[in-house]
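In: here is my input; please provide its structure:
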Amino acid sequence: MQDTNWIYMMEKMQEIHLFSRTMIHRATKEYEISAQHLELLSQLLIHEDGMTPMNLSKIMGVNKTIISRIIDSLNKGGYLIKVQDIKDKRSYSVKITDLGKQLMDKVYKNYLGPIYELRRRVGDIEFFELMTYIENANKKMNEDLEEIF
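Out: This next block holds a predicted model:
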C-alpha cells in the first residue's frame, strides 16, 4: 500500500466505529422499535412539513428500499402518514402523526441517553467543540445534500 499512514488511519476508523456503536442504541426492547425507525421519526419531527422517501434516504444515508420498508412499518403502526403529491400521483411525502410524536416523547431519553451522557462526561465546552467538528465533517462529506435542503 502506498499510504504509509494506513495503520494509523485504520486505528482512527476503529475509534470512529467504537464511538458510533457506543452512541447508538441498536433497538429498544422496552419500546420494540429500532434505532433506524427512531431516526426516521426524529427527522420528521425536525422537518415538520414532511419529507420524501428520497430526501430521507439521502439525509440518513440509507438505501431508499430500506427507507420504504421503514416507512411502511411506521405507517402500519400509525406513527406516520403518507401524503400523496398532488402533481405526481406516484410520489408522496411522509409526516409524523400525533401517535409518532407521543412515541418519541416516551423514548427520547433512552434514544438520546448516550449523547446526554457524553455531554455530562466531557463537559459543555468539549461537547460543543466535538459537535462543531462533527457537523463540519458531515457538511464536507455530504455537500450534495445541501443543494436539496
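In: give the contact list for the residue nearest to the spatial centre of the chain.
Out: Centroid-nearest residue in the chain, with CA atoms, centre = their mean: residue 39, separated by 3.9 Å. Taking CB atoms under 8 Å, 6 or more residues apart in numbering as the contact definition, residue 39 lies against residue 60. The way it works is simple: take the backbone N, C-alpha and C, and place the C-beta from them, glycine included.
In: go with 10 Å
Out: Going by CB atoms under 10 Å, 6 or more residues apart in numbering, residue 39 touches 24, 56, 59, 60, 62, 70, 111.
In: quick check: next helix or strand after the least confident helix or strand in the chain by mean pLDDT?
Out: Among the secondary structure pieces of the chain, namely its helices and strands, strand 27-28 has the lowest mean (mean pLDDT, DSSP states H and E), a mean of 52. Counting by DSSP states H and E, the next helix or strand C-terminal to strand 27-28 is strand 33-34.
In: for that following strand, packing partners?
Out: When contacts are defined as 3 or more CB pairs under 10 Å, 6 or more residues apart in numbering; DSSP states H and E, strand 33-34 sits against strand 27-28, helix 64-76, helix 98-122.
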